[in-house]
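Participant: next come a sequence and a model predicted from it.
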2 protein chains.
Amino acid sequence: MPSLVIVGTVALDNIRTPFGEVRAALGGSAFYAGLSASYWTEVGVMAIVGEDYPEEGFRLLERHGVDSRGITRSKEKTFSWTGEYTFDLNTAHTLKTDLNCLLSFDPDLPAVYDRLDTLFLANIDPDIQLRVLESMPVRPSLVVCDTMNFWIENKLDELKRVLARIDILTINEGEARMLSGEYSLVSAARKIVGMGPKILIVKRGEYGVLVFGKDSVFASPAYPLEEVKDPTGAGDSFAGGFIGYMTQSRKSTDDVLRQGIVVGSAMASFCVEDFSTKGLEGLSRNTISSRLSSFSALTSYPDLPSLDAGMKG
Amino acid sequence: MPSLVIVGTVALDNIRTPFGEVRAALGGSAFYAGLSASYWTEVGVMAIVGEDYPEEGFRLLERHGVDSRGITRSKEKTFSWTGEYTFDLNTAHTLKTDLNCLLSFDPDLPAVYDRLDTLFLANIDPDIQLRVLESMPVRPSLVVCDTMNFWIENKLDELKRVLARIDILTINEGEARMLSGEYSLVSAARKIVGMGPKILIVKRGEYGVLVFGKDSVFASPAYPLEEVKDPTGAGDSFAGGFIGYMTQSRKSTDDVLRQGIVVGSAMASFCVEDFSTKGLEGLSRNTISSRLSSFSALTSYPDLPSLDAGMKG
């Protein structure tokens, strides 16, 4: 029985970056997040795929111990995102979004899982996120939600009803500004925390994340890589690692939150090193452990001496 | 006798941001860096001002114990930068640059200071930077240099001769890419370190800094502020605090480097809270100490448990 369930998309993506191109590649918010979380906790994915979806996708989840009983298969085609990146890998340019079977996605979570610790509502129509939340007989102890500019522009009321019921929201900088109407992220965070979530995680791509809690702010950089081949799924991999770590820790203290952010950042750094989900597949404990050590070396510094000693006369 | 000497500009700036406007305001790379460094070490400024430069500027330096014997007065007008920022405070839009007396700046450093520990060549014509370096009978133990896109485009050969003789270079992201011809900052850093400096500090505005040493990378965020009124001088205040701290520490270990980066980041955060140099003036030990504590709280996290315990099964 999984401790964490992720509701979102499973997709076949067409991606072009300055470093290459893939077609009908495994992807989707719940797929990336599920693989990433699988290293940290028992995880199940709820999504919909089309009749064209390859067995390879299911086998990959299985090899990572991800429960795919919540993935239904429709007679339509699989949801597909076509996009490209130029050298500024921070910005994805969407060329085409084929919703296909996603239009008939209607997840019945309690029918598959009767209890869970953590629910991650990955980026998807807020109507669906709300229905899932309302369908749960017992609220999971941790509910995390992701969304995107499209829903902020087009379904703000529905989104606000979701926000009122969640614990943690993850969005990017531009979305935080759009949702709050504030340019300063500190002001934006205060407004958004006022909408419901106790914690706001602002994703800043290659600049890392800023995490706003009630009385605490945490900044974590992205791991600087020599070569980023494909940024697709970085945010979902971050969220999967972060939430997976939080779930297995069974605590939501500020300390565990910060550790989880670092774990998520490390998982995202693996994701972007290769196309599609390749960088996330079959990672060894040593590989992850070594990246986490590098991450610590990246950000730590010795306590400053007391200013009486350190400052001028 | 100052331990640190800063060669750069002293200016009268006209600045407009969404939060207000100032005219003929105190500024310049050496002025910001000097004030910021003054909290940490004995500092002298070498620059040139015009006959229109107000006594107020000298008095401000004096109140902060900055030695201004190296500032000469010319019969022309003072160097002046006119610029504006929109809500994206990361990008300065230059409206006008009046070089004025800067064209006749010819600092004779050994005539004023016969020995110093640290030399900071703030952003200025690389020809001048080179002349200053070559004029020193004894090389200071630490030489730090800043530059900008204009010199990379127009005086690359001269700049490269400077780079070959310095210890630390501070530039922004775009400049690091321009100077190296590499998009990846990791690759850019490797190339730039190959040009001479042992350490490259990449300034990323509101995203903080990335520091590349020989075998070490350090990432430090900018302090998240509710209100940034005027980003002018942030990079120079960062450099001043950083170099001031390094100078008084009398060590160039990786530990001291990292502490210095945090000190510089804190000093920059004061700078941007008000127009011109107002945010940097008359800071108390308590105020600085408290910002440094907040900075530590912003980035620290508890060691992760060993992965045998922390990871799934």
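Facilitator: That came in fine, so what should we check first?

Participant: element containing residue A:12?
Facilitator: Element membership of residue A:12 [criterion: DSSP states H and E] is strand A:11-17.

Participant: neighbouring strands - and their directions - for that strand?
Facilitator: Strand A:11-17 has the following sheet partners, assigned by DSSP bridges: strand A:20-27 (antiparallel), strand A:80-84 (parallel).

Participant: then the last one to PDB, C-alphas only?
Facilitator: What it means is strand A:80-84. What follows is strand A:80-84 as a C-alpha-only set of coordinates in PDB (Å, rounded to 0.1, in the frame of the first residue of the first chain):
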ATOM      1  CA  SER A  80       1.100  14.800 -25.500                       C
ATOM      2  CA  TRP A  81       3.200  17.900 -25.000                       C
ATOM      3  CA  THR A  82       5.400  19.200 -27.800                       C
ATOM      4  CA  GLY A  83       7.900  21.900 -26.800                       C
ATOM      5  CA  GLU A  84      11.400  23.200 -27.300                       C
END
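
Participant: mind listing what's buried in it?
Facilitator: Using 16 or more other CB atoms under 10 Å in any protein chain shown as the test for burial, strand A:80-84 gives A:80-83. C-beta coordinates here come from the backbone N, C-alpha and C atoms, glycine included.

Participant: can you check stretch A:24-41 too?
Facilitator: Neighbour-count burial for stretch A:24-41, counted by 16+ other CB under 10 Å, picks out A:25-41.

Participant: strands of chain A, start to end?
Facilitator: A:4-7, A:11-17, A:20-27, A:43-49, A:67-73, A:80-84, A:93-98, A:118-121, A:142-146, A:168-172, A:199-203, A:209-212, A:217-220 (DSSP state E).

Participant: span of stretch A:85-95 from start to end?
Facilitator: Using CA to CA, to the nearest Å, the end-to-end distance of stretch A:85-95 comes out at 10 Å.

Participant: ok, stretch A:227-235 next?
Facilitator: Start-to-end span of stretch A:227-235 (CA to CA) is 17 Å.

Participant: check whether it contacts chain B.
Facilitator: Yes - applying CB under 8 Å from any CB of the partner chain, one finds stretch A:227-235 touching chain B at A:227-228.

Participant: could you check how far that stretch is from the centre of its chain?
Facilitator: Mean C-alpha position of stretch A:227-235 versus that of the full chain (CA atoms, centre = their mean, to the nearest Å) differs by 13 Å.

Participant: buried stuff in that stretch?
Facilitator: Judged by neighbour count (16+ other CB under 10 Å), stretch A:227-235 contains these buried residues: A:228-235.

Participant: now the residues you listed in a markdown table, with pLDDT?
Facilitator: Output for the buried residues of stretch A:227-235, formatted as a markdown table (pLDDT from 0 to 100):
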| residue | pLDDT |
| --- | --- |
| A:228 | 92 |
| A:229 | 93 |
| A:230 | 95 |
| A:231 | 94 |
| A:232 | 95 |
| A:233 | 96 |
| A:234 | 96 |
| A:235 | 96 |
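
Participant: now, which of those sits nearest chain B?
Facilitator: residue A:228 (7.4 Å; CB to the nearest CB).

Participant: is it correct that that closest one is in contact with residue A:274?
Facilitator: No - the pair residue A:228 / residue A:274 is not scored as a contact, 9.8 Å apart, by CB atoms under 8 Å.

Participant: run a quick neighbour tally on whatever residue of the stretch 1-150 of chain A ends up closest to chain B.
Facilitator: Closest residue of the stretch 1-150 of chain A to chain B, CB to the nearest CB: residue A:87 (4.9 Å). If you count neighbours by other CB atoms under 10 Å in any protein chain shown, residue A:87 ends up with 9.

Participant: residues of the longest helix along chain A that come out buried?
Facilitator: The longest helix of chain A (DSSP state H) is helix A:254-271. Within helix A:254-271, the residues that count as buried by 16+ other CB under 10 Å are A:254, A:256-271.

Participant: next one: stretch A:10-20
Facilitator: In terms of neighbour count (16+ other CB under 10 Å), stretch A:10-20 has its buried residues at A:10-17.

Participant: I'd like to know which of those residues is nearest to residue B:281.
Facilitator: Using CB to CB, residue A:17 is the member of those that lies nearest residue B:281, at 47.4 Å.

Participant: leaving out the residues flanking it, which one is nearest to that closest one?
Facilitator: Nearest non-adjacent residue to residue A:17, counting by CB to CB, 6 or more residues apart in numbering or on different chains: residue A:85, 4.6 Å away.

Participant: tell me how many other residues crowd the one you found.
Facilitator: By the criterion of other CB under 10 Å, residue A:85 has 20 neighbours.

Participant: re earlier: which residues touch the strand holding residue A:12?
Facilitator: A:21-28, A:31, A:52-53, A:78-85, A:89, A:95-96, A:229-232, A:275-276 (CB atoms under 8 Å, 6 or more residues apart in numbering or on different chains).

Participant: mind running it again at 6 Å?
Facilitator: Applying CB atoms under 6 Å, 6 or more residues apart in numbering or on different chains, the external contacts of strand A:11-17 come out as A:22-25, A:27-28, A:78-82, A:84-85, A:230, A:232.

Participant: for residue A:176, what are its contacts?
Facilitator: With contact set as CB under 6 Å, 6+ apart, residue A:176 has these partners: A:188, A:202.

Participant: okay, now the residue found closest to residue A:115 once you drop the neighbours it is linked to in the chain: neighbour count?
Facilitator: Spatial nearest neighbour of residue A:115, chain neighbours left out: residue A:138 (6.3 Å); criterion: CB to CB, 6+ apart. By other CB under 10 Å, 9 other residues sit near residue A:138.

Participant: you'd agree residue A:130 is up against residue A:162?
Facilitator: Yes - counting by CB atoms under 6 Å, residue A:130 does reach residue A:162; the two are 5.3 Å apart.

Participant: which of those two has more residues huddled nearby?
Facilitator: residue A:162 (25 against 18).

Participant: now the helices for the stretch 101-250 of chain A?
Facilitator: Using DSSP state H, counting those that start in this stretch, the helices of the stretch 101-250 of chain A run over residues A:109-112, A:126-135, A:149-154, A:156-163, A:173-180, A:185-193, A:234-249.

Participant: quick one: list the elements packing against the first one.
Facilitator: Right, the one you point to is helix A:109-112. Here helix A:109-112 touches helix A:126-135, going by 3 or more CB pairs under 6 Å, 6 or more residues apart in numbering or on different chains; DSSP states H and E.

Participant: beta partners of residue A:22?
Facilitator: Taking DSSP bridges as the rule, residue A:22 bridges to residue A:15.

Participant: tabulate the strands of chain A (a markdown table), appending mean pLDDT.
Facilitator: Below are those laid out as a markdown table (pLDDT from 0 to 100):
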| stretch | mean pLDDT |
| --- | --- |
| strand A:4-7 | 98 |
| strand A:11-17 | 96 |
| strand A:20-27 | 96 |
| strand A:43-49 | 98 |
| strand A:67-73 | 97 |
| strand A:80-84 | 95 |
| strand A:93-98 | 92 |
| strand A:118-121 | 98 |
| strand A:142-146 | 98 |
| strand A:168-172 | 97 |
| strand A:199-203 | 98 |
| strand A:209-212 | 98 |
| strand A:217-220 | 98 |
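
Participant: interface residues of the stretch 201-313 of chain A facing chain B?
Facilitator: Proximity of the stretch 201-313 of chain A to chain B (CB under 6 Å from any CB of the partner chain) is limited to residues A:207, A:217, A:219, A:221, A:224, A:226, A:255, A:258-259, A:262, A:285, A:289, A:292, A:298-299, A:301-302, A:304, A:307, A:311-312.

Participant: point out where the stretch 201-313 of chain A drops to low pLDDT.
Facilitator: Along the stretch 201-313 of chain A, the model assigns pLDDT under 70 to residues A:308-310, A:313.

Participant: try 50
Facilitator: Applying pLDDT under 50 to the stretch 201-313 of chain A flags no residue at all.

Participant: from the middle of its chain, how far away would stretch A:258-272 be?
Facilitator: Relative to the centre of its chain, stretch A:258-272 is centred 10 Å away, using CA atoms, centre = their mean.

Participant: before I go, just wanted to say thanks for your time.
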